[in-house]
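Student: The following comprises the amino acid sequence and a computationally predicted model.
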Amino acid sequence: MADVKGANNPDATSVKTNDASGVKLDVRVYPINEPKSTTMAFASVSIADLVAIRGMRIVDSQKGLFVSMPQSQDPKTKEFHDTAFPIAKGLRQEISKAVLDEYALQKGEKPLERKPGLDEKLKSGAAKAAVQPPLAAGSRGHDAVAV
């Protein structure tokens, strides 16, 4: 069994935060002192003092750390399926950020800076395009090059 900071261990910390939509998150992270696999820590999140998700894992992959929701394995197909998860993509991102930030703080590191997702990039690009003047007829936005 991995050496994990347990629920009764005072080293497991909690942070209260609110995302842009005002959802209160209570995050608890339990790092594994000497990880023997890609699982670096376990985490629990209470959402708006109404629902708790336990059994989340912080996993170290080739692309970096990510939060894995609790899963169970289908005995017939042997596939894994999330058993608890936020339906709203924005809430899932906020939970992942809060969990990874708390993990970084416990490791003595700065919280991770979240990169904007594709939907945020598209909205930003649309907003920029809306304020730019339209191109002249027949123009493609660059100077024509003679061949």
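Tutor: Yep, it's here.

Student: can you pull the contacts of the nearest residue to residue 92 once chain neighbours are set aside?
Tutor: Leaving aside its chain neighbours, residue 92 sits nearest to residue 86 (4.5 Å; criterion: CB to CB, 6 or more residues apart in numbering). All C-beta spots, glycine's among them, are computed from the backbone N, C-alpha and C. For residue 86, the contacting residues are 47, 92, 95, by CB atoms under 8 Å, 6 or more residues apart in numbering.

Student: beta partners of residue 61?
Tutor: residue 64 (DSSP bridges).

Student: swap in the one 10 residues further on?
Tutor: The residues paired with residue 71 through beta bridges, assigned by DSSP bridges, are residue 82.

Student: Share the number of residues neighbouring it, please.
Tutor: The number of residues packed around residue 71, counting by other CB atoms under 10 Å, is 15.

Student: How about residue 100?
Tutor: For residue 100, the count of nearby residues is 22 (other CB under 10 Å).
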